[in-house]
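1. quick one: sequence and predicted model below, then my questions.
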Amino acid sequence: MSLSGAILYVPLFLSMLFLLAIYGITFCFIFCINYSFDVYNCQILFSNSMDKNIWLILSLCTTMITACSQKQMQEMASNTMVTQNRTPDKTWRVKPGSVHDGDTFRAVADVTNEEIKVRLACIDAPELEQAGGVEARDYLRSMLTDNREIILMGAGKDQYGRSVVEVFAITDTPGLEVGVNGEMVLAGMAHYYERYKRSCPENAEQYEFLEQEAISSKAGVWANGDAERPWNWRGRNK
């Protein structure tokens, strides 16, 4: 079952949890009466604790809903990307030890052993010397482990000869892939690079949306509410 399918059962699960809590409180009240034979004291005891019980239930439900929303947003980073221009018949592998920073690595074609240098399209991660740069590199490494099977979308090259592409990491779940570019933005590990949105015309608006989500949740480089854009940092440190 996919994550999106499982999320459909969340309201039912929360309803069952609430009913179980009510049954539990009722059982404890009856137990109190049976063993203390004092209805008045039991009423006082449960009226004093009821507010705490209700807040506990509401807090638990809120926590679960928040967690599910975050997972759903992470899945959206990959599943709502337009991918019809990719080439699934040609898969690649992440070259071991090749993730240089938060938006650059090397890939090797499965069949031909062709090796290319990849630049993640439409995003810009902090430079290694910049605040958040090392964290961005390590986060990308955690997703693109050695020999990870990936699919590339896009065929353009930049002035350095790098293939500027959107990357989708294949998972063990059939039909489910991780949109690496989008996940980097959503995690606050990279910025949406509007200047080069032409390199991902179908998904540019999605990357912009994911960045707003990262800013709202203070993820990654947005933890302090603001972050210097990598292109501005490079301009200051030429």
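-> Structure's in. What do you need?

2. lowest confidence element among the helices and strands of this structure?
-> Between all helices and strands in the chain, the lowest mean by mean pLDDT, DSSP states H and E belongs to helix 3-7, at a mean of 41.

3. parallel or antiparallel, list what pairs with the helix or strand harbouring residue 150.
-> Under the criterion of DSSP states H and E, residue 150 resides in strand 149-157. In the sheet containing strand 149-157, the strands it pairs with under DSSP bridges are strand 92-94 (antiparallel), strand 163-170 (antiparallel).

4. let me have these in a markdown table, extended by mean pLDDT and mean neighbour count.
-> For glycine as for every other residue, the C-beta is placed from the backbone atoms N, C-alpha and C. A markdown table is the format used below for the strands paired with strand 149-157 (pLDDT from 0 to 100; neighbours: other Cβ atoms under 10 Å):
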| stretch | mean pLDDT | mean neighbour count |
| --- | --- | --- |
| strand 92-94 | 96 | 22 |
| strand 163-170 | 95 | 22 |
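
5. would you list those strands in a markdown table and tack on distance to residue 190?
-> Putting these into a markdown table (distance: least, Cβ to Cβ, whole Å) gives the following:
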| stretch | distance to residue 190 |
| --- | --- |
| strand 92-94 | 17 |
| strand 163-170 | 12 |
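
6. among those strands, which comes closest to residue 119?
-> Put simply, out of those the one that sits nearest residue 119 is strand 163-170, at 4.9 Å, with distance taken as Cβ to Cβ.

7. would you mark the buried spots in the very next helix or strand once past that closest one?
-> Scanning forward in sequence from strand 163-170 by DSSP H and E, the next helix or strand is strand 177-179. By neighbour count, with 16 or more other Cβ atoms under 10 Å as the criterion, the buried positions of strand 177-179 are 177, 178, 179.

8. likewise stretch 110-117?
-> Counting neighbours by 16+ other Cβ under 10 Å, stretch 110-117 gives 116, 117 as buried.

9. ditto for stretch 95-115
-> By neighbour count with 16+ other Cβ under 10 Å, stretch 95-115 contains the buried residues 95, 98, 99, 101, 102, 103, 104, 105, 106, 107, 108.

10. before we move on, what about stretch 212-229?
-> Taking 16+ other Cβ under 10 Å as the basis for neighbour counts, the residues of stretch 212-229 that come out buried are 213, 214, 215, 219, 220, 221, 222, 227.

11. re earlier: contacts for the strand holding residue 150 next, please.
-> Counting by Cβ atoms under 8 Å, 6 or more residues apart in numbering, the neighbours of strand 149-157 from elsewhere in the structure are 83, 85-88, 90-94, 107, 110, 118, 121, 144, 163-170, 177, 180, 199-200.

12. what about 6 Å?
-> Outside of strand 149-157, the residues within contact range by Cβ atoms under 6 Å, 6 or more residues apart in numbering are 85-86, 88, 91-92, 121, 163-170, 199.

13. how about the helices of this protein, start to end?
-> Ranges of helices within the chain are 3-7, 10-36, 39-79, 133-143, 180-186, 204-216, 230-236, based on DSSP state H.

14. let me see the mean pLDDT of the third one.
-> I take that to be helix 39-79. Averaged over helix 39-79, pLDDT sits at 51.

15. enumerate every residue touching residue 128.
-> For residue 128, the set of contacting residues under the criterion of Cβ under 6 Å, 6+ apart consists of residue 101.

16. residue ranges in the chain under the pLDDT threshold?
-> Scanning the chain with the threshold set as pLDDT under 70 gives 1-89.

17. could you list the domains of it?
-> When the chain is parsed into structural domains using automatic domain parsing, the resulting residue ranges are 3-79, 92-236.
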